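Asks: Provided below are the primary sequence and the corresponding predicted coordinates.
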Amino acid sequence: MGACMEAFNQWMEEAGLPETVRLALALAVDELLANILSHAYRQDRDRQLSISARCAACVVELTLGDDGPFFDPTQAPQPDLCVPLEQRHAGGLGLWLVRHAVDHVSYRRFDNRNELTLRKSWGDASDAVVEHGEIVPH
């Protein structure tokens, strides 16, 4: 996982993403990769994992794909942050962090793969929209 994160961090720097965006995306991707490796793949490390990224008009879009069992993280219950820490069940905070680190999270199951798409914008792109899979300034 370390080599993957190193390559992703290098891509973000080369793409010229602002530091705040790089930190938010690194947090989200690190958490999601950890979840995929520990939950979807468990003992079976001979699986397919992909990350695609594109950046345009102050918007970055990432898609993480895995061939693990069906899991839609957008449907995972939100943690109850009002419950005292010692009374909470383990888990759930990582996905909460992901949801709050990015502007948009969407899921689809396609060709026996989980695909999770994250979108983060900055600057004047807060009004950007996605049309037919392309990021278009609004």
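Replies: Yes, it's here.
Asks: tally of neighbours for residue 122?
Replies: 15 (other Cβ atoms under 10 Å). Any C-beta I mention is one placed from the backbone N, CA and C, and that applies to glycine too.
Asks: residues contacting it?
Replies: Taking Cβ atoms under 8 Å, 6 or more residues apart in numbering, we find residue 122 in contact with 17-18, 20-21, 58.
Asks: just the helices in the protein please.
Replies: 2-14, 19-35, 93-101 (DSSP state H).
Asks: any idea which of those helices gets closest to residue 115?
Replies: helix 19-35 (11.7 Å; Cβ to Cβ).
Asks: any idea how far the nearest residue in space to residue 22 that is not next to it in sequence lies from residue 20?
Replies: Nearest non-adjacent residue to residue 22, counting by Cβ to Cβ, 6 or more residues apart in numbering: residue 12, 4.6 Å away. From residue 12 across to residue 20, the span is 11 Å (Cβ to Cβ, to the nearest Å).
Asks: which one of these two has more residues nearby?
Replies: residue 12 (22 against 10).
Asks: residue contacts, residue 29?
Replies: Neighbouring residues of residue 29 by Cβ under 8 Å, 6+ apart: 5, 8, 51, 62, 64, 118.
Asks: can you say which of those residues are buried?
Replies: For the contacts of residue 29, a burial check counting by 16 or more other Cβ atoms under 10 Å picks out 8, 51, 62, 64, 118.
Asks: out of these, which is nearest to residue 78?
Replies: The closest of the buried ones among the contacts of residue 29 to residue 78 turns out to be residue 118 (Cβ to Cβ; 17.4 Å).
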